[in-house]
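> Here's a sequence, model it:
(chains A, B and C)
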Amino acid sequence: MNMFLETLIGGLLAGTMYSLVAIGFVLIYKASGVFNYAQGSMLLFAALTFVSLTDQGVPVLVALVITIVVLALMAVGIERLILRPLVNRGPMTLFMATLGLAYIVEGTAQGLMGSQVKALDLGIEDLPIFLGDIMISQFDLTAAAVALILVVALSLLFNKTRLGVALRGVADDTSAALSIGIDINRIWQIVWTIAGLVGLVAGLLWGARQGVQFSLSLVVLKALPVLIIGGFTSITGAIIGGLVVGAAESLGETYIGPFLGGGITPWFAYALALAFLFIRPAGLFGEQKIERV
Amino acid sequence: MSEIELRLTGGIGEGVSTRKLTGIAVAALVVSLPFLATEYWINAIIVPFLILSLAGVGLNLLTGYAGQLSLGAGAFMMVGAYATFAFQLRLPELPLPFALIASGIVAGAVGFAFGFPSTRIKGFYLIVSTLAAQFFFEWLFLKFPWFYNGDPSATISLPAGLWAFGIDLNSPHGRYYLTLASVALLTWLSYNLVRSQTGRNWMAIRDMDTAAAVIGVPILRAKLQAFAVSSFILGIAGALWAFGYLGSASVQSFGLTRSYQILFIIIIGGMGTIRGAYLGAAFVSLLPLALDWLFQQLLGGHADAGLLQNIQKVIFGILILWFLIKEPEGLARLLRRQSGNFNTRRFPRLKIRRQT
Amino acid sequence: MRKLIIATLLAGGAFMATTATLNAADVTQYIPLPTYRVGAYASSGELWWAGERDYFRYINEVEGGIDGVKLNYEEFETEWSPDRTVEVYERVKAGKDGSPIAFFFTHGTPATYALLEKAAADKIPLIDPAGGRTESIDGRVFPYAFPLLFSYYSQASTGINYIASKVGGFEKLKGLKIATVYHDSAYGRATQPAVELLAKKYGFENIQIPVADPGNEQSPQWRQIHELKPDWVFLRTWGVSTVVGIKTAARFGFPADHIIGDVWAGSESDVIPAGKAAIGYSALAPYPGGADFEIHKRLKKFILDAGKSDLRDQKYFGAVNYNVGLVNAALAVEALRTGYKKFGARPLDGEEGRWAFEHLTIDENRLKEIGFVGLLQPIQITPLDHEGGGAARIQSWDGQKWVLQTDWIKADHEALRPLIEQQAAAYAKEHGITPRTPDTETN
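Below is the predicted model:
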C-alpha cells in the first residue's frame, strides 16, 4: 500500500511539471485559437537565454529582465509576422505554422547560444524527505508550489485587471471584442509574452532537473495529452490534466509496464488521452465547443 | 535530374495537345535515367526522392484531400516496413511484389483502426490519435523481438535481399526500377482515385462536412476509407524506404521527424494535389544540398559548421511559414502560375482548382 | 521569393554538374565525416568533431600530413539520423578529388547497423570505435566492420570486473544484485547477452530496467530500484536520460558512488547539469577526460594558441567528448600510416583501408611517440579481432572534473569470445556468408 501511495504521490507531483508546460498552451489557445507546437521550443529558448546570460556573469535579476524583454520582442514578432497574416485561417494551418516556428526558434536558439548542455542550479535541494514511510521529492514539492503560485497569479491577472477582462472578451467572442474596440493584436502580443514567461518558469524548473539542453523542447509532446484530458481552454484543466497524466504514467509504468516489458510511458499518456476523447471530447474542464461529427 | 521529375509530374493536368508528346519523352527519359545519371544520384537522391513523393501522395490523400490532419505518417510507414520484413522472413514463398501489397494492406488496416477516432472528433484533435500511433508503434517494434526476428540490434533487413520473380533487384538499377514501378503505379491509382466518386466525397468532407452529409456523402465510411488508403500507400512507401533505399531499418528511420518531413512535403508542395507531393519531395531533398553548395560557394568552408546547420534549419522553418502564408496551395500552384497559365490565375479560394 | 525557390530547385541540378569538375591539385586522402551539430545530440557531437578536426589539422599543418599525404576531411550534417548518414555514405563512397575513401566513420551505432551490408558490398570499412555491432569483431564474417577499441560486450565485462575489484574479488559477486538501467533502444540493450552470461558465470542477480526515450522522467524506474535495493547500478543511458538518471537516483537516495556509467554516459555534459548529485559517479573511460596528456600539450601549442582550433569555447579542451574525437582521429591516422607503409604513400581505397586497419598495431612505444600514453590503450587489430583493445579506465566525477581511478581494466575476452563467434556464425548463416579464412590469404 505504501508503495502504491508513494507511486501515486510521486506521479502527481511529477504531473505538476507537465501542468506548468500545459498552462502556456492554454493561454495561447484561449486568446488566439492556436495550438502552439512551438511552445516547447519557446521554453528551450527562454531557459537557454537566461542561462547563457547568467553564464556570462550577468546578475540573475538583470538576466531575468533581459530574457523577459527578448520574449516580449519575440511575441511581437510572432504576432506581426505570423498571426496577423494568418488571421481567419483554419486551426490546422495555424498549427502547421507553429511547426515552422518551432524550427526557427530551435535553430536560432542553438545557433546563437550553442548546443552545449548548460547546468542550472536553482538552489533547491533534491534529497528525499519522508512523510511517515512515504518518500517525497523536495524538488517536486517546490515545483508544485511554483505551479500553484503561477495559477493564482494568472487568475488574478485575468479576473482583477482590465487586461484580463479584455482578454476574456477576446477568448469568449472575438468579433464582439473587436466591435467594442479591443485591440486584438495588442492582446495577442501580451498573451504570447505571458505564455513565454510561463515557458521560462517551466523551462527553468525542467532545466534544473535535466540541464538546459535541446531535449527541453520535447516536453511539448507531454503537454498534448494533458490538454486533451484537461481541456484546451481551462487553466484548472491543465493542472488537473497534468496530475492525471503524471499519476497515470507513474502507476502505469510501475503496475502495467512489467507485463508489457516496461518503457511504456511515451505512449501510455496518449492512449489515456484517446480514451478521454471518446468519453469526454471537451476534456474535463474544456468548453463543450469541440466539434463532434 | 530534378527538372526531369518536375516536368513529368507537371505534365499531369496541363494542356492536352502537348501532353502526350511530352509524356512519351519524359517516360523515355525516366526509364533510361539510370544510364544517364551517376550512381550517387540514383542511390542518394532519386530513389529517396521517389519514395518520399509516394509517401507525400499517401499523406496528401488523407490530409490534403480528406482534410484529416495526421502526424503519424512515419508510424504507417513503419508498419509497412516491418510487415514486409515479416512476410519475407516467414513466408519466403510469397514474391516480393505481393509481400509489398500485403504489407500495404496490413498498414491500411492499422490506419483504419487509428482512423476510428476521426468518426468522433475532428480538426487538429486528430493529431492525438495519429501521435498515439507514432509512439505506440515505435515502442511495439522495439519491444517485441518477434518483429525484428530477435536481431540484437533490433534492425530489420530482408534476409534474401531484393528479388522479384527471379530477377535480382539489389543493384542500384534494380532498386531504382522497383521503386519507380511501385511509385508510378500507386501514383496512377491515386490520381484516378481522387477523380472518382471517392475522391469527390473526401473533398466534400474537407471543404464542409455538414454540407457533405446533407448531399448524402457517407462521412464515416469516406473518412475511414481515406485513412485506410492513405496508410496503404504510406505502408508501401515505408517498405521501399527500408529495403529499397536504406537496405536496413529500425524504428528510428520512421520517427516523429519522418512524420513531420512528410507533412512538410505536402505543405510545401501543395495540399490536395498529387503532383504537389512530387514537388514538395523534390524541394525537401534538394534544398539541403543546394544550401550546402551555396554556403560552400559563398564562404568557402570557413564558417562555423554548427552555425550553418542551424541557419539551414531556420531557413526551412521560414519557408514553411512563407508557404502557409503566401501560397497555401504550395509549389504546385506557384509553378503553374509561373508557367503562364493565365486562365486559372487568382481564384485562391476556388475549391475546384484543387482537384488535380 | 518565388523566383528564389525555383532557383533553389534549379541549383540542385547545377550542383550535380559541379561535383564532377574538381581536379586534384595535391595528393590528399579524402575523409568524409558525418556529423551532428544540430538537434538533441549536438552537445556531445560539437566537441567530438572539434577533437577530430583539431587532430587532423595538427597532422596536416604540423606534421605535414602522413608521409606527405595530407588529409582532406569534410563534414556532412546528419542530426544523428541513420537515414541521413546512409545518404552521406552514398554521396561520398566514390571518393573526391581523385581520392577514394579508405574507410567511413559512422559516428553512431544505428548508422553502422544501417550501413553494414552496403559497406560490405562496396568494400569500404566502417569505423565505429566503442560502438558498432558487437559480433562484427569477428572479421571472418564481417571483413568491413570495425567496432574498434571497446565493444559493448567489453563494456559490460569491464564494468563487472571493476565492481568485482571494489567488492574484493570475483567470488564476492555471488549473490550481489546488479541492476542495469538502460536506454530502451538497440544501443541500450546491446550489453544484455554479455551481462546475462557473466551473471551465470559469477552468480550475481541480473536486473534489467528500461527507460523509454528520451527519458526525462524516470521516477518509476528509480522507485523500482529503491524497492529492489540492488548493490550496484550500471547506467547505460544516452543524452538527457543520463542526467535525469543521476538526479533521480539521488532523489531516491541511491548513492552515486555505486552507479557506474557506460562510455556514452560518461562525459561532462552528462554530469555537470546533474550538479551535486553526480559527485562520486563513475564511468567507463576508454576515452579518459583531461587536458594533461602529452598530445594536449602539442595541440595547445600548435593549434589552440595558433587560433586554429575548432572549439568554440576553449574550456572544453580536454573534455571527454573532445578526447573521443582525438582518439578516433588518431586511430584513423595510425591505420592510414600502416597502409601507406605497405601500399606506398598515396590515397588508399576501401580494400587497402581494410588491410590497413586489420594490421593496425599501436604499442606502448608508439603511444609515447604520438603522445597518447594514458589516453589510448595499446591496440592490436587482426583479421580475427576487429576490436583490438577491449579495455577501459574508470573515472569518477569530483564535482569539477573527471578523476582517473584505475589503469586500463581488460574485459574478460575468453568468456566473451564464444558468444561473439556464435552470433557471428548465426549472422553468416542467415545472410549466406562463407566466413573467410584470413590465415590463407596472401596479404
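
> burial count for the nearest residue to B:F283 once chain neighbours are set aside?
By the measure of CB to CB, 6 or more residues apart in numbering or on different chains, the closest residue to B:F283 outside its immediate chain neighbours is B:I268, 5.4 Å from it. Where you see a C-beta, it was placed from the backbone N, CA and C, and this is true even at glycine. For B:I268, the tally of surrounding residues (other CB atoms under 10 Å in any protein chain shown) stands at 30.

> Give me the pLDDT value at B:I268.
Turning to B:I268, the model gives it a pLDDT of 88.

> Quickly note the distance from it to B:K313.
For B:I268, the distance to B:K313 equals 15 Å [CB to CB, to the nearest Å].

> And stretch C:352-360, how far out from the chain middle?
A distance of 18 Å separates the centroid of the chain from that of stretch C:352-360, by CA atoms, centre = their mean, to the nearest Å.

> Repeat that for stretch A:199-214.
When C-alpha coordinates are averaged (CA atoms, centre = their mean), stretch A:199-214 and its chain have centres 12 Å apart.

> Does chain C have contacts with that stretch?
Yes. Stretch A:199-214 lies in contact with chain C when judged by CB under 8 Å from any CB of the partner chain; the contacting residues are A:206, A:209-214.

> and which of these is nearest to chain B?
When the residues of stretch A:199-214 next to chain C are compared for distance to chain B (CB to the nearest CB), A:F214 wins out at 11.2 Å.

> Just the pLDDT at B:T9, thanks.
The predicted local distance difference test score for B:T9 is 44.

> Partner strands of the helix-or-strand element of chain A with minimal mean pLDDT, with direction?
Least confident helix or strand, chain A: strand A:128-131 with a mean of 77, by mean pLDDT, DSSP states H and E. Sheet pairing of strand A:128-131 (DSSP bridges) gives strand A:134-137 (antiparallel).

> how far out from the middle of the chain is the helix or strand following the partner strand?
Toward the C-terminus, strand A:134-137 is succeeded by helix A:138-160 as the next helix or strand (DSSP states H and E). Taking CA atoms, centre = their mean, one finds helix A:138-160 lying 13 Å from the centre of the chain it belongs to.

> What residues sit buried inside helix A:138-160?
The neighbour-count criterion (16 or more other CB atoms under 10 Å in any protein chain shown) identifies A:139-140, A:142-144, A:146-147, A:150-151, A:154, A:158 as the buried residues of helix A:138-160.

> which one of these sits closest to chain C?
In terms of CB to the nearest CB, no member of the buried residues of helix A:138-160 lies closer to chain C than A:F139, at 6.9 Å.

> right, and the closest one touches A:G123 too?
No. Between A:F139 and A:G123 there is no contact, the gap being 11.0 Å when judged by CB atoms under 8 Å.

> what is the mean pLDDT for the longest helix along chain B?
Using DSSP state H, we find that the single longest helix of chain B is helix B:274-299. Averaging pLDDT along helix B:274-299 gives 85.

> Would you mind pulling up the elements that it packs against?
With contacts taken as 3 or more CB pairs under 8 Å, 6 or more residues apart in numbering or on different chains; DSSP states H and E, helix B:274-299 sits against helix B:2-10, helix B:47-59, helix B:172-194, helix B:256-269, helix B:305-326, helix B:330-338, helix C:2-19.

> And those helices: which comes nearest C:E421?
Taking CB to CB as the criterion, helix B:172-194 is the member of those that comes nearest to C:E421, at 32.8 Å.

> in that closest one, what counts as buried?
B:172, B:174-180, B:182-183, B:186-187, B:190-191, B:193-194.

> ok, and the closest non-adjacent residue to C:Q221?
Across the structure, with CB to CB, 6+ apart as the measure, the residue nearest C:Q221 apart from its sequence neighbours is C:I209 (5.2 Å).

> What parts of the stretch 51-200 of chain A come near chain C?
When proximity is defined as CB under 8 Å from any CB, the stretch 51-200 of chain A approaches chain C at A:107, A:110, A:114-121, A:126-128, A:135, A:137, A:139.

> Quick one, which of the residues you listed are buried?
A residue is treated as buried here by neighbour count (16+ other CB under 10 Å); on that basis the buried members of those are A:107, A:110, A:114-120, A:126, A:135, A:137, A:139.

> Check whether the spatially closest residue to C:A212 that is not a sequence neighbour sits in a helix, strand or coil.
Leaving out its chain neighbours, the residue that sits closest to C:A212 by CB to CB, 6+ apart is A:G263, at 3.9 Å. Following DSSP: H, G, I helix; E, B strand; the rest coil, we place A:G263 in the coil state.
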